[in-house]
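K.L.:
From the sequence below, what's the structure:
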Amino acid sequence: MHGILASTSRSLMARFAHESFRVNLSLIELMNMFRILI
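P.N.:
Next up is the predicted model:
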């Protein structure tokens with residue numbers, strides 16, 4: 001049971017890190033676009 005919880009939490013953390021990484025990339029792209037416009 002403990003192993004299942006550990007693997008599930010690990011996969012959830014990996015997915016969350018991946019999503020936040022993608023969000024950060026899109027934010028950086030937006031900032032670059034604003035810099036070009038301004």
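K.L.:
Sticking with the residue nearest in space to the middle of the chain, tell me its helix or strand.
P.N.:
For the chain, residue 20 is the residue whose C-alpha lies nearest the centre (CA atoms, centre = their mean; 1.9 Å). Per DSSP states H and E: residue 20 is located in helix 2-37.
K.L.:
In that helix, which of the residues would be classed as buried?
P.N.:
Using 16 or more other CB atoms under 10 Å as the test for burial, helix 2-37 gives no buried residues. From N, CA and C alone the C-beta is placed, and that goes for glycine too.
K.L.:
Which strands and helices lie in contact with it?
P.N.:
Applying 3 or more CB pairs under 8 Å, 6 or more residues apart in numbering; DSSP states H and E, one finds that helix 2-37 contacts no other helix or strand.
K.L.:
Distance of residue 22 relative to residue 11?
P.N.:
Residue 22 sits 17 Å away from residue 11, going by CB to CB, to the nearest Å.
K.L.:
Residue 21 too?
P.N.:
16 Å.
K.L.:
cool, and residue 28?
P.N.:
26 Å.
K.L.:
and the residue nearest to the centre of the chain, what is it in contact with?
P.N.:
Residue 20 makes no contacts at all, as judged by CB atoms under 8 Å, 6 or more residues apart in numbering.
K.L.:
per-residue pLDDT, residue 38?
P.N.:
Note on residue 38: pLDDT of 75.
K.L.:
With residue 17 instead?
P.N.:
91.
K.L.:
Now do the contacts for it.
P.N.:
Taking CB under 8 Å, 6+ apart as the definition, residue 17 has no contacts.
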